[in-house]
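Enquirer: Please find the sequence and the predicted model below.
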Amino acid sequence: MQPPAEAGRRKSLWLGPASYPHPTGSSARACAREGLVYLWPDAMAAKGNPPVVLRLVVVQGGKHPVYPVTSILSSRELSDGKVAEIYRLRWGVEVYYRSFKQTFSCRKLRSHKAEHAQVELDWAMAGLWAACLYAQHCGRVPPRQLSVATVLRAFRRTIRHAVPPDPEVTLSALLKLAIVDAYARKSKSSRDYPRKKQQKPAGRPQILTATSSQVRMARKLKQSEKG
């Protein structure tokens, strides 16, 4: 996972894992200041592009530590604890896309032309987002406890019945019930089924000390930017 090219040039949040293996010819070089690293692929260095300066943060995961990096270098602007909080919230994004693809049945788009598929994708994502946001507003349901399947059933029932059979069963009343169940799941030992891929954690990022030639090149690029 590579950071955007402008991450090192503008003051904005970019947060991603540092423990993923970099493409061939890429390396993270240690910086003199504690917690900062240079991401400087050899191909970019050969073209005269400056390195991307990132801040490395260690976050304790469920079983092993993870190593996110951010383009905000000052811990006063973005503390390590806030980085950890943002990193843990990434699971909500994964759940949203799962709900979009499976629960909302958008794993395969129905448009034949690429430009139509883009419009279909945009409006489908906006529609699901708006439905879930409206459900949270009606039922005062926290995002993590919202049941997307129940939300969709409530909207579909309301659309099918212009005049509801029971006047008290309104859309708002149905959305207040759109809460995930609280029962304890059974053992998930089937996850270790032999056919499934068993990928090992990427582990700690490989950080190398910058060579003298790289230091000279970085200084030269920095001086040229100032001049």
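Expert: That came through, no problem.

Enquirer: quick one: residue 54 from residue 113, how far?
Expert: Here residue 54 is placed at a distance of 39 Å from residue 113 (CB to CB, to the nearest Å). Every residue, glycine included, has its C-beta placed from N, CA and C.

Enquirer: Give the buried residues for the one helix or strand residue 81 maps to.
Expert: Counting by DSSP states H and E, the element that carries residue 81 is helix 80-88. Neighbour-count burial for helix 80-88 flags 83-84, 87 (criterion: 16 or more other CB atoms under 10 Å).

Enquirer: hmm, who's touching the following helix or strand past it?
Expert: Per DSSP H and E, the first helix or strand lying C-terminal to helix 80-88 is helix 90-98. The contact list for helix 90-98, computed with CB atoms under 8 Å, 6 or more residues apart in numbering, reads 143-144.

Enquirer: Okay, buried residues for whatever helix or strand comes next after helix 90-98 please.
Expert: Counting by DSSP H and E, the next helix or strand C-terminal to helix 90-98 is helix 114-139. Buried residues in helix 114-139, counted by 16+ other CB under 10 Å: 124, 128, 131-132, 135-136, 138-139.

Enquirer: neighbours around residue 159, how many?
Expert: Applying other CB atoms under 10 Å, we find 9 residues neighbouring residue 159.

Enquirer: Could you do residue 216 as well?
Expert: Neighbours around residue 216, by other CB under 10 Å: 11.

Enquirer: Equivalent analysis for residue 39, please.
Expert: Counted with other CB under 10 Å, residue 39 comes out at 20.

Enquirer: Distance of it relative to residue 207?
Expert: 10 Å.

Enquirer: ok, back up a step: what's the helix holding residue 81 packed up against?
Expert: strand 15-17, strand 59-60, strand 68-70 (3 or more CB pairs under 8 Å, 6 or more residues apart in numbering; DSSP states H and E).

Enquirer: 10 Å - rerun?
Expert: strand 15-17, strand 52-56, strand 59-60, strand 65-66, strand 68-70 (3 or more CB pairs under 10 Å, 6 or more residues apart in numbering; DSSP states H and E).

Enquirer: Same list (these) but as a markdown table, adding mean pLDDT, distance to residue 217 and mean neighbour count.
Expert: Listed next are these as a markdown table, based on pLDDT from 0 to 100; distance: least, CB to CB, whole Å; neighbours: other CB atoms under 10 Å:
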| stretch | mean pLDDT | distance to residue 217 | mean neighbour count |
| --- | --- | --- | --- |
| strand 15-17 | 55 | 25 | 16 |
| strand 52-56 | 88 | 14 | 22 |
| strand 59-60 | 84 | 32 | 13 |
| strand 65-66 | 85 | 31 | 16 |
| strand 68-70 | 88 | 22 | 24 |
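
Enquirer: And those strands: which comes nearest residue 104?
Expert: Among the helices and strands packed on helix 80-88, the nearest to residue 104 by CB to CB is strand 15-17 (26.5 Å).

Enquirer: Dump the buried residues of helix 114-139 to CSV, plus distance to residue 67 and pLDDT.
Expert: Shown next, in CSV, are the buried residues of helix 114-139 (distance: CB to CB, whole Å; pLDDT from 0 to 100):
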residue, distance to residue 67, pLDDT
124, 34, 94
128, 32, 94
131, 36, 93
132, 32, 92
135, 36, 92
136, 33, 90
138, 40, 86
139, 38, 78
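
Enquirer: For the helices and strands packed on helix 80-88, give me JSON lines that also has distance to residue 44.
Expert: Converted to JSON lines, the helices and strands packed on helix 80-88 look like this (distance: least, CB to CB, whole Å):
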{"stretch": "strand 15-17", "distance to residue 44": "17"}
{"stretch": "strand 52-56", "distance to residue 44": "9"}
{"stretch": "strand 59-60", "distance to residue 44": "27"}
{"stretch": "strand 65-66", "distance to residue 44": "25"}
{"stretch": "strand 68-70", "distance to residue 44": "17"}
